[in-house]
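Novice: sharing a model that was predicted from the sequence below.
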Amino acid sequence: MKLTTRGHYSVKALLDLCFQPQQQPAPVSAIAQRQDIPAPYLEKLLIEMRRAGLVCSVRGVQGGYQLARQPAHISLGQILEAVGETIDPLPRRTPDSAQAGDWVTFSLWNRLHQKMKEALYSISLEDLYYDARSWQAAQGEEASFIV
């Protein structure tokens, strides 16, 4: 599995929302500027994540996007799924029944796929947030955040 630009930008945007004081809404333009993401593209990703129930939009002068749930209840797998990232490592195929090695390889990749999927759904946005905070502290940086 390779994390594409869609997945990377989506994780960056949601981590940015984690860093908002008191979970205040953040305008798309502000997130886009802080994270160096094209604003129109970010808007499309946020709409997809809103449909998946990961973020909500707030209208008005102080509006923008905010997390719809606590970061501990949003997994990396949910984020990637919301923006159409596939977690499947290989195209679906049936191994050659005459080749035992083909079945072993097929079984191995299926097991690895399942473990990777479990890992993606077990890593929360909160985990990534604390990893980022720890890295910042190690670097001696302030609370401003860029992924």
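Specialist: Alright, I've got the coordinates. Here the structure is a predicted model, which is why all the values come from computation and not from measurement.

Novice: just for this structure, where's the confidence low?
Specialist: The chain contains residues with pLDDT under 70 at 1-2, 88-101, 141-147.

Novice: could you rerun that using 80?
Specialist: Scanning the chain with the threshold set as pLDDT under 80 gives 1-3, 86-103, 136, 139-147.

Novice: what is the host helix or strand of N110 packed up against?
Specialist: For N110, the host element (DSSP states H and E) is helix 100-122. Under the contact definition 3 or more Cβ pairs under 8 Å, 6 or more residues apart in numbering; DSSP states H and E, helix 100-122 sits against helix 76-82. Glycine gets a C-beta too; all of them are placed from N, C-alpha and C.

Novice: show residues contacting the helix it packs on.
Specialist: Contacts to helix 76-82, defined as Cβ atoms under 8 Å, 6 or more residues apart in numbering, come from residues 3, 7, 10-11, 14, 48-49, 51-52, 54, 87, 117, 120-121, 123-125, 128.

Novice: which ones among those residues are found in strands?
Specialist: Among the contacts of helix 76-82, no member falls in strands (DSSP state E).

Novice: so how do I select the buried members of those in PyMOL?
Specialist: Buried residues within the contacts of helix 76-82, by 16 or more other Cβ atoms under 10 Å, are selected in PyMOL with:
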select buried, resi 7+10+11+14+48+49+54+120+124+125+128
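
Novice: quick one, helices of the chain?
Specialist: Here the chain has its helices, by DSSP state H, at 5-18, 28-35, 39-51, 76-82, 100-122, 125-139.

Novice: for the third one, what is the distance to the chain centroid?
Specialist: This means helix 39-51. Helix 39-51 sits 13 Å away from the centroid of its parent chain (Cα atoms, centre = their mean, to the nearest Å).

Novice: next: the last one.
Specialist: Distance, stretch centre to chain centre, for helix 125-139: 15 Å (Cα atoms, centre = their mean).

Novice: restricting to C-alpha, output stretch 113-130 in CSV.
Specialist: The C-alpha trace of stretch 113-130 is given here as CSV (Å, rounded to 0.1, in the frame of the first residue of the first chain):
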residue,chain,number,x,y,z
HIS,A,113,-3.0,-7.5,4.1
GLN,A,114,-5.2,-8.3,7.1
LYS,A,115,-2.5,-7.2,9.6
MET,A,116,-1.9,-4.0,7.7
LYS,A,117,-5.6,-3.2,7.7
GLU,A,118,-5.8,-4.0,11.4
ALA,A,119,-2.9,-1.6,12.0
LEU,A,120,-4.4,1.2,10.0
TYR,A,121,-7.7,0.9,11.9
SER,A,122,-5.9,0.8,15.3
ILE,A,123,-3.9,4.0,14.8
SER,A,124,-6.0,6.9,15.9
LEU,A,125,-5.7,10.6,14.9
GLU,A,126,-5.0,11.1,18.6
ASP,A,127,-2.0,8.8,18.3
LEU,A,128,-0.6,10.8,15.4
TYR,A,129,-1.3,14.1,17.2
TYR,A,130,0.8,13.0,20.2
